[in-house]
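Peer 1: Show me the folded form of this:
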Amino acid sequence: MSDEQQAAGGRSSSPLDDDDLLRVPPNPSSLPRASLVCKRWRRLVSDPRFLRRFRDHHRRPPLLGFFERLDPLVSNSEQGPRGSHIVFHPVLEPPDRVPPRRFPLSGPAGRRIELLGCRHGRVAFLETSLMAGSTVLVWDPVTGGHARLPPVPPEFANVVVFNWTVLCAAAGEQGHVHGTCHSSPFKVVAVSTKDRRPTACVYSSETGIWGDIVHHDRPCRAVDFIEPGGTTLIAHAIYCKISTWGLEEEKDDDDMAEPDGLLEFDLDRQSLTVMEGPPVSRANYCQIIRTVHGGVGVAARPFGTLQLQVWHRDVNSHNVATWLLSKTVDMRSVFGLQEHERWPRESRRCDIVGYDEDDGVIFVCVDSTLIMLQRDSMQFTRQRMETYLTTCHPFRSFYFY
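Peer 2: Residues are numbered from 1 along each chain as shown. Below is the predicted model:
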């Protein structure tokens with residue numbers, strides 16, 4: 001029986017139901033390979049209505065890889081002028097592995113680009129030139145489209161430290177599927193300090209302008225942002241790491257034991273809140289995460305150890321917050337480090353370099369090996385890197401060859 005005869009016979013008599021096609025994995029090669037089965041499926045995979053159903057069915061787009069913000073000190077003949085490239089690293093195995101050349105982004109001659117953040121299928125980056133100054137752009141790697149944002153408000157024009165993030169404006173809407181929202185409106189959040197007060201502002205692509213400046217209600221002796229672009233979206237709030245020395249009375253202990261903090265920017269209330277972090281020193285060894293119950297958590301590597309601690313912030317009925325240690329992972333035993341390599345030196349480079357909000361995957365770089373650890377199951381995969389990663393931005397999207 002031909003494909004056309006099977007289709008004409010009705011769905012009940014066809015050995016290949018359209019719903020069977022909906023259930024194939026959402027990986028890059030799945031639909032193209034399924035299209036070889038029959039002519040009807042070949043037509044369906046190019047039908048926008050079916051593709052919409054397919055994405056709605058799977059809800060969560062696959063993790064294709066991550067973008068790396070090159071270390072400003074790194075420069076070689078392959079990467080070109082320092083700071084001029086944003087590199088995509090695939091994490092899926094063939095045939096789903098997306099070649100890096102599919103998502104190219106390099107700055108024009110005389111311009112420097114810096115990765116700011118990545119979320120909901122979009123990438124925000126800063127383009128700087130001596131003649132034109134700095135401009136924020138939002139790029140969709142799948143479509144290749146990009147939007148150039150207007151200049152930031154004057155309050156942000158001359159500050160040294162920034163923390164940026166990009167997100168879909170439809171985040172939180174019932175039924176919305178990220179990874180399909182190439183034409184949906186987006187927001188860009190800029191966070192910094194002004195007169196010793198944490199400050200934030202939101203750009204909306206719907207209005208095309210930056211909104212009102214939001215200030216924290218009291219000044220702090222010092223607030224430093226630990227990692228540009230290192231933000232986590234939990235519910236309707238953006239969280240970033242800060243060094244909060246000066247928020248409390250100075251303690252007798254040395255500053256190495258002083259816990260670092262978190263800055264919360266509530267997008268709905270348009271408010272900023274500074275909160276103390278867990279009792280782990282040095283926030284550059286921490287990553288804000290979403291707990292299994294949707295709350296605020298922190299994954300941390302205490303200084304001088306190869307342990308990974310997972311903390312969650314518990315708020316009681318009196319609105320008093322306490323940090324509770326929920327898990328401690330010995331990275332030597334879990335990752336088998338002591339079996340694979342003997343260290344010729346006392347310590348090695350080991351940092352938490354990224355986090356996938358959608359699946360709770362913590363990215364840990366140990367020397368030139370990237371380890372992707374699932375927060376709850378403790379399952380992990382490895383990937384060898386040519387250089388040591390300092391920051392990586394996971395990228396999820398529906399993408400088919």
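Peer 1: State the pLDDT value of the residue nearest to residue 271 when sequence neighbours are not counted.
Peer 2: Leaving out its chain neighbours, the residue that sits closest to residue 271 by Cβ to Cβ, 6 or more residues apart in numbering is residue 214, at 6.8 Å. (Each C-beta comes from the backbone N, C-alpha and C, glycine too.) What the model reports for residue 214 is a pLDDT of 92.
Peer 1: Contacts only, for residue 214.
Peer 2: 199-201, 265, 270-272 (Cβ atoms under 8 Å, 6 or more residues apart in numbering).
Peer 1: Any chance of those residues in TSV with secondary structure, pLDDT and distance to residue 116 as columns?
Peer 2: Shown next, in TSV, are the contacts of residue 214 (DSSP: H, G, I helix; E, B strand; the rest coil; pLDDT from 0 to 100; distance: Cβ to Cβ, whole Å):
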residue	secondary structure	pLDDT	distance to residue 116
199	strand	88	17
200	strand	92	15
201	strand	92	14
265	strand	95	15
270	coil	95	21
271	strand	95	23
272	strand	93	19
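Peer 1: got any ranges where the stretch 251-400 of the chain has weak pLDDT?
Peer 2: 251-259, 281-284, 337-348 (pLDDT under 70).
Peer 1: As a check, name the ranges of all strands in it.
Peer 2: For the stretch 251-400 of the chain, strands defined by DSSP state E, counting those that start in this stretch occupy the ranges 261-266, 271-276, 286-290, 296-300, 307-315, 321-330, 350-356, 361-366, 369-374, 380-384, 392-396.
Peer 1: now the ones you listed in a markdown table, with distance to residue 165?
Peer 2: Below are the strands of the stretch 251-400 of the chain laid out as a markdown table (distance: least, Cβ to Cβ, whole Å):
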| stretch | distance to residue 165 |
| --- | --- |
| strand 261-266 | 9 |
| strand 271-276 | 14 |
| strand 286-290 | 12 |
| strand 296-300 | 16 |
| strand 307-315 | 20 |
| strand 321-330 | 23 |
| strand 350-356 | 13 |
| strand 361-366 | 17 |
| strand 369-374 | 21 |
| strand 380-384 | 25 |
| strand 392-396 | 10 |
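Peer 1: Tell me which of the ones you listed sits nearest to residue 34.
Peer 2: strand 392-396 (21.0 Å; Cβ to Cβ).
Peer 1: just the buried members of the contacts of residue 214?
Peer 2: Buried subset of the contacts of residue 214 (neighbour count, 16 or more other Cβ atoms under 10 Å): 199-201, 265, 272.
Peer 1: Show me which of those is closest to residue 128.
Peer 2: Residue 128 lies nearest to residue 201 out of the buried ones among the contacts of residue 214, by Cβ to Cβ, at 19.4 Å.
Peer 1: Am I right that that closest one is in contact with residue 153?
Peer 2: Yes. With contact defined as Cβ atoms under 8 Å, residue 201 counts as touching residue 153 (5.8 Å).
Peer 1: Between the buried ones among the contacts of residue 214, which sits nearest residue 91?
Peer 2: When the buried ones among the contacts of residue 214 are compared for distance to residue 91 (Cβ to Cβ), residue 265 wins out at 29.3 Å.
Peer 1: Residue 30: which of the strands of the stretch 251-400 of the chain is closest?
Peer 2: Across those, closest to residue 30 is strand 392-396 (Cβ to Cβ), at 15.4 Å.
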